[in-house]
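Novice: Show me how the following folds:
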Amino acid sequence: MGKSGVDEKILSYNDVVLRQSDLEILSGPYFLNDRIIEFYLSYLSSRYPTKDILLVPPSIAFWIMNCPVVESLQDFLQPLHLPDKKLVIFPVNDNDDVSKAEGGSHWSLLAFEKKSNVFVHHDSFRGINKQHAKQLFNAVVGYMGASNSAPGARYLECNDSPQQVNSYDCGLYVTAIARAICSWQESGEDKDRDGLWFSAVKQQVTPSSVATMRDEILSEIRGLMPQSSLAVTK
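Specialist: Here you go, the predicted model:
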């Protein structure tokens, strides 16, 4: 009884720590938090273990977008080896308060494809995160190339991106789109005319497929949980 108010740790996965409250978020119609997004991107990294793909954790993407000392970004980004990646996926959050952890009310996704030298923004709610996505693009674009530059790298708003049908599933669309893009990159599927993944995303990310993502992520977490923790959460 004394532990009933404690948000117990239920899983450590790579560098991500999940707690009981995260399971509760996944069990209901709630906005996904940073930890769940980070867990799933880390899970995708394990599922697609290649040096060509980088899925950036939400905290890192947020810091890049809001770094108060621009000159310090180069040292901060160096361990990510951005110029070596063929595909980089950034989660975008609309939190404007750097002092507020896990703030914001909307998630979207910004993906960089090296061969096409383009950043694509996928927003599941009429592009309302466009300003924040461009802020992230402007902060990181100069560090994508071999010499701290990606000449001609452009920003593209995907106006045909799959759209959510409620007010709380934006994070699930980020996870579903990230999965579709990673699958596209690794499978060598036919490219669109512009060499990108739009057809794959449109085909794989639908309201019905996204509706199953909560249970899928919850199932993956439960499958990774220690048996002692699993017994507590049932």
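Novice: Quick check: which ranges of this structure have low pLDDT?
Specialist: Per-residue confidence for the chain (pLDDT under 70) gives these ranges: 1-5, 99-101, 146-152, 189-193, 227-234.
Novice: Now do the helices in the protein.
Specialist: Assigned by DSSP state H, the chain shows helices spanning 20-27, 34-47, 58-66, 73-77, 130-140, 170-187, 198-204, 207-211, 213-224, 227-233.
Novice: Now mean neighbour count and distance to Ala153 too, for those helices, in a markdown table please.
Specialist: C-beta: built from backbone N, CA, C; applies to glycine. Below are the helices of the chain laid out as a markdown table (neighbours: other Cβ atoms under 10 Å; distance: least, Cβ to Cβ, whole Å):
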| stretch | mean neighbour count | distance to Ala153 |
| --- | --- | --- |
| helix 20-27 | 17 | 35 |
| helix 34-47 | 20 | 22 |
| helix 58-66 | 20 | 15 |
| helix 73-77 | 14 | 15 |
| helix 130-140 | 19 | 9 |
| helix 170-187 | 23 | 17 |
| helix 198-204 | 18 | 18 |
| helix 207-211 | 14 | 29 |
| helix 213-224 | 16 | 30 |
| helix 227-233 | 12 | 44 |
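Novice: Out of these, which is closest to Phe119?
Specialist: helix 130-140 (5.0 Å; Cβ to Cβ).
Novice: Spatially central residue for this protein, please.
Specialist: Pro91 (3.7 Å; Cα atoms, centre = their mean).
Novice: Between the two ends of stretch 202-218, how far is it?
Specialist: By Cα to Cα, to the nearest Å, the extent of stretch 202-218 from end to end equals 24 Å.
Novice: Please state the offset of it from the chain centre?
Specialist: Distance of stretch 202-218 from the chain centroid (Cα atoms, centre = their mean, to the nearest Å) equals 15 Å.
Novice: For that stretch, give me every contacting residue.
Specialist: Contact with stretch 202-218 is made by 23, 26-27, 36, 39-40, 160, 162, 164-165, 169, 172-173, 175-177, 179-180, 183, as judged by Cβ atoms under 8 Å, 6 or more residues apart in numbering.
Novice: still on that earlier bit, Pro83 is nearest to which of the helices of the chain?
Specialist: Per Cβ to Cβ, nearest to Pro83 of those: helix 73-77, 9.9 Å.
Novice: CA atoms only for the closest one - export them in PDB, please.
Specialist: C-alpha atoms of helix 73-77 as PDB (Å, rounded to 0.1, in the frame of the first residue of the first chain):
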ATOM      1  CA  LEU A  73      26.200  23.000 -31.300                       C
ATOM      2  CA  GLN A  74      29.100  21.600 -33.300                       C
ATOM      3  CA  ASP A  75      30.700  19.900 -30.300                       C
ATOM      4  CA  PHE A  76      27.300  18.700 -29.100                       C
ATOM      5  CA  LEU A  77      26.400  17.200 -32.500                       C
END
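Novice: which helices and strands does it pack with?
Specialist: Packing partners of helix 73-77 (3 or more Cβ pairs under 8 Å, 6 or more residues apart in numbering; DSSP states H and E): helix 58-66, helix 130-140.
Novice: Run the angle between the longest one and helix 58-66 for me.
Specialist: Between the direction of helix 130-140 and that of helix 58-66, the angle (axes from the mean of the first three to the mean of the last three Cα atoms, to 10 degrees) works out to 80 degrees.
Novice: Lys114: which of the helices of the chain is closest?
Specialist: That would be helix 170-187 among the helices of the chain, by Cβ to Cβ, at 10.4 Å.
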